[in-house]
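> fold the following, please.
(one chain, ligands or ions: 2)
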Amino acid sequence: MASITLFLFSVISSFIFTSNGDLPGKWELLLQNAGISSMHTAVTRFGTVVLLDRTNIGPTKLKLPRGNCRYDPRDATLKLDCYAHSAIFDPASNQIRPLKILTDTWCSSGGFLPNGTLLQTGGDLDGNRKVRLFEPCSSGSYCDWMEIPDYDLAVGRWYSTNQILPEGHVIIVGGRGTHTVEFYPPNMGTITELPFLLEAEDAQMDNLYPYVHLLPNGRLFIFANTKSILYDYNLNRVVHVYPELQGGPRNYPSAGSSAMLALTPDNEHSTAEVVVCGGATYGAFIQQSTDAPANGSCGRIVATDLEATWQMEEMPFVRIMGDMVMLPTGHLLIINGAQAGSQGFNLASSPCLNPVLYRPEMDAGLRFMTLNPATVPRMYHSTAVLLPDGRILTAGSNPNYFYSFKGDFPTELRIEAFSPEYLSPDRQNLRPVISKTPSVIRYSEQFEVQIKVPLPVVEVVEINFASAPFATHSFSQGQRLVKLSVSSAHPSISGAISADSGGYTYTISCTAPPNGAVAPPSYYMMFAVNQGVPSVASWIHLIN
Ligand SMILES: *[C@@H]1O[C@H](CO)[C@@H](O)[C@H](O)[C@H]1NC(C)=O
Ligand SMILES: *[C@@H]1O[C@H](CO)[C@@H](O)[C@H](O)[C@H]1NC(C)=O
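Ligands and ions are numbered 1, 2, ... in the order given. The predicted structure follows:
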């Protein structure tokens, strides 16, 4: 009887949940032809979006400006290359401008430095040991990539992960065939062995693109394959080994994803939880089995509690190559990817079109919500990032070795945006506008944020700092959300009693994050969040 009921329920629910009109969230096409397929994507402090592919891929659909071709005798495909492999996209105008990279960035790593410059490291072939900087500029001005001359990484790094540290340095972890870490700038010592990365290796090399999260205790949570450690990078010491996560390999090429949940003022920001979700069946990569079902399990652990074990949950969909985007609210969006196969060229099938929302504060079993499906499959080499206006930009997907517009999964040049339900028209009268804020703050500083809201505020309005991560290969390097300690919104002098044209005005007293382990020095998107509805972010520079 129970199984018949369950069967009927699943028939009814699959009927209900596939009629897209009813599911939350809205999709829009921002640009039909970006010219390149972005396998690495990051949002700058000007709100523009850096798109980055690889150089040895041959012709793209975007040309470099005339007279600015790239000549590289070591390039495997085009020695004289007049095509762009990087671009800057402006969501304010939906315009794109080509950028010029010199060496191969395939499967490289990156993240923003404390001054807002994008640091980008490694790659393949001639790019294997290169370090590049992109100093972003306001739209309308000119800025481009530069390679740091006379400076190489200590070893070649392909499929490594970067994380900014409390002091503003960057750690670069692992890579194919290297079980080491190094730092940028390199003054903290050169290369350091990390045998854990070798222990986490298997015949498929499931230890690539390790999931690295800076915890509020200043140590790193590093997850590779099924294993994880707490790592003190100052002492080069593994402080704790967490229990293994069941459910198969999770990192590249087995294509799970991971995020650290929002750090909150509840325990003075001292508690951090990490989730790792999805992944491939072990063997799918080696056997090139495109229809091996993905795993839909999620593990969640309190990484700051050394007694903690993984709490398991099932997602509504099995998924590989999902991107986890931390929303301004602290909810986690899981978007893009496929339901079978593994990561790599032409190794996956059955796109997973439905994003899902993970609501960490709810009870297990109630946390996932299925959202409005996309129409564009985003498979291998696709990305998703949070924009300052609260939308999620999706770009890329290219399971082909070169650009190819044939077959089941052609090279994808469209850029889209997904608007979560918090942007729906019926919630606009809850949406705050940040009307006054400082643009630079120091650790633990008290400051005030003024907001306007169409309807009177009835609960605490959160002020949350979202980092701008470097998204690639279903992991967003450097992603974090820090909720500030705030007072309840109090009416400003102009008064909350009567609404002026812009709505009701309030002042919120905030305390900046306590230190660099909670929020490394950087530019953050500062959101005011009222009853789950975020404002457009103001960029704020957190400095020492
Ligand atoms: C930011 O830092 C990088 C690396 O230290 C440096 O090369 C760059 O010039 C700095 N940019 C600005 C705008 O200060
Ligand atoms: C995923 O892994 C979990 C944990 O080992 C297991 O219980 C579950 O059956 C797996 N799911 C699939 C679809 O393989």
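> from now on I want contacts and neighbour counts done on CA atoms only, so please keep to that.
Will do.
> pretty sure Asp426 sits in a helix.
Yes: read with DSSP: H, G, I helix; E, B strand; the rest coil, Asp426 is one of the residues of a helix.
> OK, contacts around it?
Counting by C-alpha atoms under 8 Å, 6 or more residues apart in numbering, Asp426 makes contact with nothing.
> how close does it get to ligand 2?
Here the criterion is C-alpha to the nearest ligand atom, to the nearest Å. By it, Asp426 lies 37 Å from ligand 2.
> same deal with Ser108?
29 Å.
> where's the closest residue to Phe317 other than its chain neighbours, which helix or strand?
Setting aside the residues directly before and after it, Phe317 is nearest to Gly296 in space (C-alpha to C-alpha, 6 or more residues apart in numbering), at 5.9 Å. Here Gly296 sits within strand 295-302, counting by DSSP states H and E.
> the closest residue to ligand 2 within the stretch 351-500 of the chain: neighbour count?
Per C-alpha to the nearest ligand atom, Cys352 is where the stretch 351-500 of the chain lies closest to ligand 2, at 14.0 Å. Here the number of neighbours of Cys352 (other C-alpha atoms under 10 Å) works out to 24.
> these two touch, right, it and Gln339?
Yes: with contact defined as C-alpha atoms under 8 Å, Cys352 reaches Gln339; the gap is 5.7 Å.
> which residues touch the residue nearest to Phe317?
Shown in contact with Gly296 (C-alpha under 8 Å, 6+ apart): 277-279, 314-319.
> now, the most widely separated pair of the residues you listed?
Of all pairs drawn from those, the one with the longest distance (C-alpha to C-alpha) is Gly279 and Pro316, at 13.9 Å.
> look at those two and report which has more neighbours.
Gly279 (35 against 14).
> around ligand 2, pick out the residues from the protein.
246-247, 295-297 (C-alpha under 6 Å from any ligand atom).
> which of those sit farthest apart?
Across these (C-alpha to C-alpha), the longest gap, 11.6 Å, separates Gln246 and Gly296.
> hey, where'd the strands end up in the stretch 101-250 of the chain?
In the stretch 101-250 of the chain, strands defined by DSSP state E, counting those that start in this stretch lie at 109-112, 118-121, 131-134, 145-147, 161-164, 170-173, 180-184, 191-193, 211-214, 220-224, 227-232, 237-241, listed in chain order.
> those: lowest mean pLDDT?
Comparing mean pLDDT across the strands of the stretch 101-250 of the chain, the weakest is strand 191-193, with a mean of 92.
> that strand: partners in the sheet, and parallel or antiparallel?
Looking at strand 191-193 with DSSP bridges, its partner strands are strand 180-184 (antiparallel).
> tell me which of the strands of the stretch 101-250 of the chain lies nearest to Asn400.
The closest of the strands of the stretch 101-250 of the chain to Asn400 is strand 109-112. By C-alpha to C-alpha, the value is 20.7 Å.
> tell me the domain ranges of this protein?
Domain assignment for the chain by automatic domain parsing gives 1-31+194-371, 427-543.
> returning to that earlier point: right, and the helix or strand after the strand holding Gly296?
Heading C-terminal from strand 295-302, the first helix or strand you meet, by DSSP H and E, is strand 311-314.
> following that next one, which helix or strand comes up?
Per DSSP H and E, the first helix or strand lying C-terminal to strand 311-314 is strand 323-326.
> counting by contacts, list what the helix or strand following that following strand packs against.
Sequence order places strand 332-335 as the next helix or strand after strand 323-326, per DSSP H and E. Contacts defined by 3 or more C-alpha pairs under 8 Å, 6 or more residues apart in numbering; DSSP states H and E place strand 332-335 against strand 323-326, strand 356-358.
> in space, not sequence, find me the middle residue of the protein.
Centroid-nearest residue in the chain: Ser476, 2.9 Å away (criterion: C-alpha atoms, centre = their mean).
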